[in-house]
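Trainee: What follows is a predicted structure for the sequence shown.
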Amino acid sequence: MHVPHGFCSLPLEIAGAALAAGALALTARPAWAQARAAGPLTAGLAAAGMFAVQMVNVPVAAGTSGHALGVLAAALVLGPAAALWGCALVLALQLPFGDGGWQALGINIVNMGVVAGLGGWWLAQRARTAGRLAYAASAAAAGWAGCVLAATLCGVELWLSGRPAAAIPAMAQAHLLTGLVESATVAAVVLLAPLPALATARQEA
């Protein structure tokens, strides 16, 4: 799902950079608070998990790749703001490995961090007071939907930049399967890890 260097048009890259910078600026303070609350070990493990799952790439189309994201799982453990910043850091660290391009960094942060990560987290919270099993199912569905939506958006961005329109269904179809990996990861995190959202829900119940 990483957009490579030079694959998107300059206007899209500028728009992506502006949106990513705005999202990071708005979440800077809560991200710091969430990371401190989780502790350096948990925050580091969440970032390492994102890095690991995103490095398992399957070639798709138009120079892009398919993979799980791990951002929603990190958001459930750390909080959404800290997960977004962790995603941005992971994407920056992946540049030397050939995953994504520096000009497309903003676009990749928006697709994977904002759309899939924050969007998936928002969807998952609709069932956070319904018990752990219901929350796990909701979060797993949100992880799958966020992964597919982000991949489809990536295909649209490539198409708007002059790439073949076939990139849109190719990206979406590939992530129908990789989204299941995302779902399984998210469900495992909900069922096995102590989550801030569940603790808050118990206090409110």
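Mentor: Received, thanks. As the structure is a prediction and not an experimental result, all values here were calculated from the model. Numbers count the residues shown, from 1 in each chain.

Trainee: low pLDDT regions in this structure?
Mentor: Counting by pLDDT under 70, the chain contains low-confidence ranges at 56-66, 194-205.

Trainee: For it, just list every one of the helices.
Mentor: With helices called from DSSP state H, the chain shows them at 10-38, 40-54, 71-78, 80-94, 105-108, 119-124, 132-160, 167-192, 196-204.

Trainee: Return the list of helices and strands in contact with the fourth one.
Mentor: Counting by 3 or more CB pairs under 8 Å, 6 or more residues apart in numbering; DSSP states H and E, the packing neighbours recorded for helix 80-94 are helix 10-38, helix 40-54, helix 71-78, helix 105-108, helix 119-124. For the C-beta atoms, the positions are set from N, CA and C on the backbone; glycine is no exception.

Trainee: For Q94, which of those is the nearest?
Mentor: Proximity to Q94, assessed across these by CB to CB, is greatest for helix 40-54 (6.8 Å).

Trainee: Can you name every helix or strand that that closest one contacts?
Mentor: helix 71-78, helix 80-94.

Trainee: if we can go back for a sec, looking at the helices and strands packed on helix 80-94, which one is packed in the most?
Mentor: By mean neighbour count, with neighbours taken as mean count of other CB atoms under 10 Å, helix 71-78 ranks first of those at a mean of 30.

Trainee: just how off-centre is it within its chain?
Mentor: Offset of helix 71-78 from its chain centre (CA atoms, centre = their mean, to the nearest Å): 9 Å.

Trainee: Between helix 40-54 and it, find me the angle.
Mentor: Counting by axes from the mean of the first three to the mean of the last three CA atoms, to 10 degrees, helix 71-78 lies at 170 degrees to helix 40-54.

Trainee: one step back: so which of the helices and strands packed on helix 80-94 gets nearest S161?
Mentor: Of all the helices and strands packed on helix 80-94, it is helix 10-38 that lies closest to S161, at 6.0 Å by CB to CB.

Trainee: who touches stretch 144-163?
Mentor: Outside of stretch 144-163, the residues within contact range by CB atoms under 8 Å, 6 or more residues apart in numbering are 1, 3, 7-9, 12, 16, 61-62, 64, 66, 68-69, 72, 107, 111-112, 115-117, 119-120, 123, 165, 167-172, 174-176, 178-180, 182-183.
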